[in-house]
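*Asks:* Here is the input, now give the coordinates:
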Amino acid sequence: MPIQLRWSDLDAYGHVNNAEMLRLLEEARIAAFWATDDPAAGATTAVLDSSPGADTLSLIARQEVEYLAPVPYWRAPLDVQLWVGRMGGASLEVCYEVCSPLGEEPAIVYTRAMTTIVLVDRASDRPRRISTREREAWSPYAGEPPAFRRSR
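*Replies:* Here you go, the predicted structure:
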């Protein structure tokens with residue numbers, strides 16, 4: 001997913017602030033998983049209903065972020081690679097690598113991250129199972145979770 005930086009994403013050190021990195025990951029995740037009214041605008045993985053009052057909530061249960069290098073301001077969008085690390089009954093791990101813009105040499109991986117999402121039924125406020133349609137949309141993008149340099 002190409003994700004555009006904003007000038008305000010930079011901090012006093014001149015690189016993307018760590019809190020803003022979570023927003024960039026969120027932007028990529030929404031583009032990848034939330035359906036739009038225009039099917040041509042979304043990815044094939046964008047199957048979660050994102051309309052107001054949707055039956056399913058996609059809640060963040062956990063995030064792990066490893067900052068590998070400071071991200072400077074780029075006019076071209078960052079290249080955020082996403083894949084699914086693990087799919088459980090009601091949860092999935094969304095994995096990311098935030099990279100320099102496409103075509104920039106050398107290519108730099110700035111950040112590795114993983115977000116655990118739990119799908120929750122709005123009416124019951126309980127986790128709900130990943131549907132067959134969702135599993136079929138996400139399975140082609142399954143892979144190993146990122147290898148963090150230092151995990152607990």
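*Asks:* Could you give the backbone dihedrals for the residue positioned nearest the centre of the chain?
*Replies:* Of all residues in the chain, the one closest to the mean position by C-alpha atoms, centre = their mean is Arg29, 3.2 Å from it. The phi and psi torsions at Arg29 (degrees, to the nearest 10) take the values phi -60, psi -40.
*Asks:* same question, Pro106
*Replies:* Dihedral angles for Pro106 - degrees, to the nearest 10 - are phi -80, psi 150.
*Asks:* got a list of what the residue nearest to the centre of the chain touches?
*Replies:* 82, 94, 115, 117 (C-beta atoms under 8 Å, 6 or more residues apart in numbering). (Glycine included, C-beta is placed from N, CA and C.)
*Asks:* Which single one of these is nearest to Glu104?
*Replies:* Lowest distance from Glu104 to the contacts of Arg29 (C-beta to C-beta) belongs to Leu82, with 19.0 Å.
*Asks:* That closest one: helix or strand, and which one exactly?
*Replies:* strand 78-87 (DSSP states H and E).
*Asks:* Tell me the secondary structure of the closest residue to Ala35 other than its chain neighbours, please.
*Replies:* The shortest distance from Ala35 to any non-neighbouring residue, by C-beta to C-beta, 6 or more residues apart in numbering, is to Ala46 (5.0 Å). Per DSSP: H, G, I helix; E, B strand; the rest coil, the local secondary structure of Ala46 is coil.
*Asks:* Most neighbours among the contacts of Arg29, which one is it?
*Replies:* Using other C-beta atoms under 10 Å as the neighbour test, these are led by Val94, with 26 neighbours.
*Asks:* Noted, bye for now.
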